[in-house]
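**Student:** coordinates only, sequence not included:
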């Protein structure tokens, strides 16, 4: 297999929309190394201790959710992360059968995307949790400007496509809100973005 065929389907998509060179695992490793998400404390000596505490907290919250029968061993992992996040943030609904809020759908989509990149469930939960918190606090105000920025970038990269989208009145109907709130997580089916092998 070539390196291109082994890459995550999102890399191919990101390149198609003009974000060349995005490798999720490499980007995630760089973020974790720099710790821009604030996942690890600044003192390297305390990393192991903090990770132990976070694992204990993860297991305690998971146990609590099992006791109140919000999750079971059969619950999909992304939903477990969501229920943990809801419990820790004081937003756990009265019943698991209550419909999900739009922010819950965003969390689930991001959690599912993180599951593809992070193998350890404890790390995956903490990274997802911190990522969603950053998105909701630091970047929420910039979300409304992203559709215009996207169209400007598309105009530079493929002006004909943008012109076509505007002519058929499709540009304002694009699901920008969904794309940018979820950071494109879960927006397109994986099969539509995978490269097809020849013969």
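**Tutor:** Structure received. Bear in mind the structure is a predicted one, so any value in this text is a computation, not a measurement.
**Student:** going forward, measure contacts between C-alpha atoms and count neighbours the same way
**Tutor:** Fine.
**Student:** any weak-confidence spans in this protein?
**Tutor:** 1-41, 188-199 (pLDDT under 70).
**Student:** Check which element follows the one helix or strand residue 165 maps to along the chain.
**Tutor:** Following DSSP states H and E, one finds residue 165 within helix 146-167. Later in the chain than helix 146-167, the nearest helix or strand by DSSP H and E is helix 176-181.
**Student:** hmm, who's touching that next one?
**Tutor:** For helix 176-181, the external contacting residues (Cα atoms under 8 Å, 6 or more residues apart in numbering) are 106, 143, 146-147, 184-185, 187.
**Student:** do the same with stretch 53-60
**Tutor:** residue 122.
**Student:** Can you list the buried residues in that stretch?
**Tutor:** For stretch 53-60, the neighbour count (16 or more other Cα atoms under 10 Å) marks 55, 58 as buried.
**Student:** And stretch 139-149, by the same measure?
**Tutor:** residue 147.
**Student:** okay, the contacts of helix 176-181 in CSV with secondary structure next?
**Tutor:** Listed next are these as CSV, based on DSSP: H, G, I helix; E, B strand; the rest coil:
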residue, secondary structure
106, helix
143, helix
146, helix
147, helix
184, coil
185, coil
187, coil
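**Student:** tell me the contacts of the nearest residue to residue 155 once chain neighbours are set aside?
**Tutor:** Leaving aside its sequence neighbours, residue 155 sits nearest to residue 162 (Cα to Cα, 6 or more residues apart in numbering; 5.9 Å). Residues near residue 162 by Cα under 8 Å, 6+ apart: 151, 154-155, 171.
**Student:** From residue 180, how far off is residue 162?
**Tutor:** As judged by Cα to Cα, to the nearest Å, residue 162 and residue 180 stand 18 Å apart.
**Student:** same deal with residue 127?
**Tutor:** Distance, residue 127 to residue 180, by Cα to Cα: 19 Å.
**Student:** So if I had to pick from the two, which one is more boxed in?
**Tutor:** Legend: neighbour count by other Cα atoms under 10 Å for residue 127 and residue 180, higher for residue 127 (20 against 17).
**Student:** tell me the secondary structure for residue 57?
**Tutor:** When classified by three-state DSSP, residue 57 comes out as helix.
**Student:** just to revisit the earlier point, how far does the helix holding residue 165 sit from the chain's center?
**Tutor:** Counting by Cα atoms, centre = their mean, to the nearest Å, helix 146-167 is centred 25 Å from the centre of its parent chain.
**Student:** Buried residues in that helix, which are they?
**Tutor:** By 16+ other Cα under 10 Å, the buried positions in helix 146-167 come out as 147, 154, 162.
**Student:** Just give the closest residue to the first one, not the sequence neighbours.
**Tutor:** The spatial neighbour of residue 147 that comes closest, neighbours along the chain excluded (Cα to Cα, 6+ apart), is residue 176 at 6.1 Å.
**Student:** From residue 108, how far off is that neighbour?
**Tutor:** Residue 176 sits 18 Å away from residue 108, going by Cα to Cα.
**Student:** Great, nothing more from me.
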